[in-house]
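S.K.: I would like to see how this sequence folds:
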Amino acid sequence: MREPKTVIDDSPERSILARLILPQQDVDDDPLEELHGLAKTAGTEVVDEIIQKRENPDHSTYLGKGKVEELRLIVEQHNADVVIFDNDLTPAQVRNLEKATKAKVLDRTELILDIFAAGARTHESRLAIELAQLEYSLPRLKRMWTHLSRQAMGVGMRGPGEKQLEVDRRLAQKRIHDLKEELSKVERRREREVEARHDIPTISLVGYTNAGKSTLMNALTHAEVLAKDKLFATLDTRTRRWSIPDWGTVLLSDTVGFIRDLPHSLVASFKSTLEETRQADLLIHVADASSPSVFQQIHSVYLVLKELGIEAKDTLLVLNKVDAIYGSQSLNRILDRYPHAIPVSAKTEEGFETFIDRVGQALSREFLDIEVDLEHSDGKLLSYLSEKSEVISRHFAEDFVTLCVRIPAGAMGPVQRSAIAIRNHERNDASDES
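M.R.: All right, here's what the predicted structure looks like:
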């Protein structure tokens, strides 16, 4: 008699979305719009949702007891596999909610970490994700990490009477320490790589996830980097050369998108990946002008830039996806608040002429007018200055040549190392007047 075939159910998990809204929180027309996108990116099928407004979260179940019972009935009705909260929960709250609903419960941070883990492609991003997941999971070991013990059992691994949970915790802490050491090496290497490119001005694209940064980069550089209508499609930094008409060549970098309440552990773990942004001469903040949450998204990006310590860096705000806006009223509403923002469409290249001109103007703010003395035989530096700067005049003396040039501040490294003397025109003029 034949044994029945095993049927593998590859259908997506059925999810219920939940959110508690507190009095001090700003809420959009659709409070769960973003969570829908995150749940879809994670591969679940959203079948229902539940929202509650309260003065304070319940300390044991986050939602009120009546709402928890309502949630249990919804889970039962839809035969749901997972409940996803748009809030951060304590380990005890997760356990109590799972017990009440008989379903798996994820909070916002765990969902984002799961999406990042699924999208990580390079060794560096995988290290960063593993570190963030371990740091998040450490206080939740009872539920998530007992399998770690099977990786390192043996002589000398277990103390007298040491409990399984204590072994798991010690293994997790050791792995966290090892990951931090490895990421520290990656970070130092990335810093050296970025510093080595300081002879070319650098621009970094930043913005909310799915704002169209990769599409904009493809349109500007023909880089053909991955560009999907999907949250966190880009997790690794990609850098390409961009030739700006009537200006010169720069390096343009596209990196991980930001999001509201981005977990602090992720920001810290991705520090090396974000090094391009930290060292850039100019930031281009790409915002989705067609999103109903555009103001909140712009604010969220500024908060992450502040956490990185670069909120004061020279930044151009670009309002992307204007081709998806119907009528001018919505765009004018954004421009009323951000009058210097640049409307563009990365898809149709609408507004590119103004955008590229503004980029050139912003980079020019970082230029220096200097006089450089160098030896006649220093052909390498002469060639470098001819390529990287605008040579205004040359004066030949017996032992050296003096060049008056206009050069990007970011390209001064080789000049400072090799020139005999450097004089700043504006500083000399000021001293002459005094």
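
S.K.: tell me the strands in this structure, going along the chain?
M.R.: 14-21, 45-53, 82-85, 104-106, 202-207, 238-244, 248-254, 282-288, 315-320, 342-343, 367-375, 390-396, 400-408, 421-424 (DSSP state E).

S.K.: Mind listing residues that contact the last one?
M.R.: Here strand 421-424 makes contact (CB atoms under 8 Å, 6 or more residues apart in numbering) with 368-373, 415-416. For the C-beta atoms, the positions are set from N, CA and C on the backbone; glycine is no exception.

S.K.: Can you check which of the strands of the chain gets nearest to residue 193?
M.R.: For those, proximity to residue 193 was assessed by CB to CB; strand 238-244 is nearest, at 9.6 Å.

S.K.: So, low pLDDT: which residues of the stretch 101-250 of the chain?
M.R.: Judged by pLDDT under 70, the stretch 101-250 of the chain has its weakly predicted residues at 141-165, 194-199, 223-237.

S.K.: Mind jotting down where the helices sit in it?
M.R.: 108-119, 123-137, 141-144, 164-196, 213-221 (DSSP state H, counting those that start in this stretch).

S.K.: Make a markdown table from the ones you listed and add mean neighbour count and distance to residue 323 to it.
M.R.: Below are the helices of the stretch 101-250 of the chain laid out as a markdown table (neighbours: other CB atoms under 10 Å; distance: least, CB to CB, whole Å):
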| stretch | mean neighbour count | distance to residue 323 |
| --- | --- | --- |
| helix 108-119 | 20 | 27 |
| helix 123-137 | 20 | 31 |
| helix 141-144 | 15 | 44 |
| helix 164-196 | 15 | 34 |
| helix 213-221 | 23 | 11 |
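
S.K.: out of those, nearest to residue 43?
M.R.: That would be helix 108-119 among these, by CB to CB, at 7.7 Å.

S.K.: ChimeraX command to pick out the buried ones of the contacts of strand 421-424?
M.R.: Paste this into ChimeraX to select the buried members of the contacts of strand 421-424, with burial taken from 16 or more other CB atoms under 10 Å:
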select :368,369,370,371,372,373,415
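
S.K.: quick one on the thing from earlier: please convert the strands of the chain to TSV, extending it with distance to residue 298.
M.R.: Putting the strands of the chain into TSV (distance: least, CB to CB, whole Å) gives the following:
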stretch	distance to residue 298
strand 14-21	21
strand 45-53	24
strand 82-85	25
strand 104-106	27
strand 202-207	9
strand 238-244	23
strand 248-254	18
strand 282-288	5
strand 315-320	7
strand 342-343	13
strand 367-375	29
strand 390-396	35
strand 400-408	28
strand 421-424	37
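
S.K.: out of those strands, nearest to residue 349?
M.R.: Nearest of those to residue 349, taken as CB to CB: strand 315-320 at 11.4 Å.

S.K.: other SSEs contacting the closest one?
M.R.: Packing partners of strand 315-320 (3 or more CB pairs under 8 Å, 6 or more residues apart in numbering; DSSP states H and E): helix 213-221, strand 282-288, helix 294-307, helix 329-337, strand 342-343, helix 352-364.

S.K.: now the angle between strand 282-288 and it, please.
M.R.: Put simply, strand 315-320 runs at 30 degrees to strand 282-288, going by axes from the mean of the first three to the mean of the last three CA atoms, to 10 degrees.

S.K.: how about the helices of the stretch 101-250 of the chain in a markdown table, adding distance to residue 281?
M.R.: Shown next, in a markdown table, are the helices of the stretch 101-250 of the chain (distance: least, CB to CB, whole Å):
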| stretch | distance to residue 281 |
| --- | --- |
| helix 108-119 | 28 |
| helix 123-137 | 23 |
| helix 141-144 | 43 |
| helix 164-196 | 11 |
| helix 213-221 | 16 |
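
S.K.: Surely residue 372 touches residue 385?
M.R.: Yes. Assessed by CB atoms under 8 Å, residue 372 is found in contact with residue 385 at 6.8 Å.

S.K.: Now do the shared contacts for the two.
M.R.: 403, 405, 415.

S.K.: Dump those to CSV, plus distance to residue 130.
M.R.: Below are the shared contacts of residue 372 and residue 385 laid out as CSV (distance: CB to CB, whole Å):
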residue, distance to residue 130
403, 51
405, 48
415, 42
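
S.K.: In those, which has the lowest confidence score?
M.R.: Within the set of the shared contacts of residue 372 and residue 385, pLDDT is lowest for residue 415 (82).

S.K.: circling back: of the shared contacts of residue 372 and residue 385, which is the nearest to residue 280?
M.R.: residue 415 (20.5 Å).

S.K.: From what I see, the closest one and residue 380 are in contact.
M.R.: No. Between residue 415 and residue 380 there is no contact under CB under 8 Å: 11.4 Å.

S.K.: Could you tell me how many residues sit around the nearest residue to residue 17 once chain neighbours are set aside?
M.R.: The shortest distance from residue 17 to any non-neighbouring residue, by CB to CB, 6 or more residues apart in numbering, is to residue 49 (4.1 Å). The tally of other residues near residue 49 (other CB atoms under 10 Å) stands at 19.
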